[in-house]
Every structure is written in structure tokens, then in C-alpha cells.
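S.K.: Could you look at this predicted model? Sequence included:
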Amino acid sequence: MNALLVTEYIGIASAALSGFLFGVKKGCDWLGIFIAALLTALGGGILRDMLVGRPVYSFTHYMPVSIVLVMFVLAIVLKLHTRREKLESTFLFITTDAIDVVSFSIVGAMIALQFDYNIYGVILLAFCNGVGGGILRDVLLNEVPWFFRTGLYGTISMGVGLIYFFMALAGLSNIIWIMILFTLGVAFRLVAYYRQWHLPKLE
């Protein structure tokens with residue numbers, strides 16, 4: 001299994017759990033919770049594949065949806081659906097959300113380079129892949145998109161894409177360097193959230 005698939009599958013598993021928790025928070029029924037998990041996990045990848053003009057990976061391979069189903073069942077077995085209060089501020093939700101945005105941003109940057117995108121294309125595709133699923137979930141559940149109101153969420157997504165672009169130029173695109181970028185990105189996202197770092201607002 002190559003670095004791209006490892007990174008994407010980590011993101012799908014984490015995003016599915018994040019979407020599950022979000023659906024629980026909104027009081028959805030089982031179908032609504034599953035759709036929230038599915039959109040969060042696969043929405044960014046679907047948007048990415050549409051932008052680069054290739055067949056949607058989630059619809060041509062069994063693993064993505066299978067991972068979502070496994071995480072959905074696992075969350076039920078662990079009784080995560082019984083926790084309905086302030087889920088968006090729990091460590092579990094914040095951590096899974098950080099993992100999926102960073103991993104999906106890396107995958108978006110990797111795909112962009114495979115299609116010979118320039119630096120701007122790499123950054124924007126990383127962003128679309130990183131936050132696209134969360135945006136679709138939030139719009140469906142009538143919520144202000146998460147990346148608009150939490151610490152440096154979209155900024156970290158684009159920053160990860162930018163860093164990966166230069167890593168690839170330097171030949172540092174093996175699994176070890178990708179995991180280093182992944183770890184640092186997740187750590188920075190968690191620090192930004194808990195320290196409430198934000199970009200300055202226009203006065």
C-alpha cells in the first residue's frame with residue numbers, strides 16, 4: 001500500500017467518526033448520522049476528483065465506503081451516540097477533525113502534483129480535499145461551516161498543501177516525510193484550537 005492510500009484511509013476513518021459525532025450532536029436519526037459520516041469522509045475526495053477530471057475514487061473502489069461502514073458500526077458498538085452535549089468541543093471530536101483535515105489536505109496536494117498542477121493549484125486542491133467534506137456536511141445540516149469559526153482550520157489545510165509542494169520538489173515525498181508532515185499538522189491544529197488562534201479580522 002503506497003503513501004497516498006495510507007494517508008487517505010487514515011483520513012476517511014477519522015472523518016467518518018467526526019461526521020458520526022456531528023450527526024449525533026444535531027439529533028439526526030440513524031440514516032442522517034450515516035449520511036453525515038459519509039459526506040464528511042468522502043465529500044472532499046469526490047470534489048477533488050471532479051476538479052481534476054478523473055473517475056471518483058470512492059465510487060470505483062470498495063475500500064472508502066467500507067471504511068465508513070466499519071467506523072459507523074464501531075461508533076455504535078462503543079456507544080458514542082449516547083454523548084450529545086457539546087461534542088464539538090470534546091477532545092475526541094477535535095482530534096478526529098484535525099486528523100482528517102491534515103490527511104485529506106496531504107492527499108489533495110499529492111493528487112494535484114500527479115496532474116501537474118502548479119503551486120496555486122496544489123494549495124487550492126489541498127484545501128478543497130481537506131475541508132470539502134466538512135463543508136458539505138455542515139451545509140446539509142444547516143450549520144455555519146466549521147472552518148469559518150475555529151482556529152486556523154482552512155489556513156492549516158492550505159499550509160499543509162504548500163509545505164507538501166516544496167517537500168515534493170525536494171524529493172521528500174516518501175511515507176516517512178509524509179507522516180512527519182501529518183504529525184506536525186495535527187499537532188499544530190490542536191494547539192491552534194486550544195489556544196484559540198485566529199487570523200486577524202478586518203476592522
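M.R.: Arrived safely. All values reported here derive from a predicted model rather than from experimental measurement. Residues are numbered from 1 along each chain as shown.

S.K.: from here on, contacts and neighbour counts on C-alpha atoms
M.R.: Noted.

S.K.: Enumerate every residue touching residue 33.
M.R.: By Cα atoms under 8 Å, 6 or more residues apart in numbering, residue 33 lies in contact with 19, 20, 21, 22, 23, 24.

S.K.: how about 6 Å then?
M.R.: By Cα atoms under 6 Å, 6 or more residues apart in numbering, residue 33 lies in contact with 20, 23.

S.K.: which residue packs closest to residue 101, ignoring adjacent ones?
M.R.: residue 130 (4.6 Å; Cα to Cα, 6 or more residues apart in numbering).

S.K.: secondary structure class for that neighbour?
M.R.: Assigned by DSSP: H, G, I helix; E, B strand; the rest coil, the conformation of residue 130 is helix.

S.K.: Number of residues surrounding it?
M.R.: Residues near residue 130, counting by other Cα atoms under 10 Å, number 35.

S.K.: mind checking how far it is from residue 7?
M.R.: 12 Å (Cα to Cα, to the nearest Å).

S.K.: I figured the residue nearest to residue 101 hits residue 105, correct?
M.R.: Yes - taking Cα atoms under 6 Å as the definition, residue 130 is a contact partner of residue 105 at 4.3 Å.

S.K.: what's the overlap in contacts for the two?
M.R.: By Cα under 6 Å, 6+ apart, the residues touching both residue 130 and residue 105 are residue 157.

S.K.: Show me what secondary structure element comes after the helix or strand of the chain at the bottom of the mean pLDDT ranking.
M.R.: Every helix and strand of the chain was ranked by mean pLDDT, DSSP states H and E. The lowest is helix 3-25, at a mean of 86. Moving toward the C-terminus from helix 3-25, the next helix or strand (DSSP states H and E) is helix 30-52.

S.K.: got the buried residues for that next one?
M.R.: 32-49 (16 or more other Cα atoms under 10 Å).

S.K.: now the helices for the chain?
M.R.: In the chain, the segments counted as helices under DSSP state H are 3-25, 30-52, 57-60, 63-77, 91-114, 119-140, 153-169, 175-194.

S.K.: Can you name the residues in contact with the least confident helix or strand of the chain?
M.R.: 33, 36-37, 40-41, 68, 81, 84, 93, 96-97, 100, 103-104, 175.

S.K.: Farthest-apart pair in those residues, please.
M.R.: 84 and 175 (36.9 Å; Cα to Cα).
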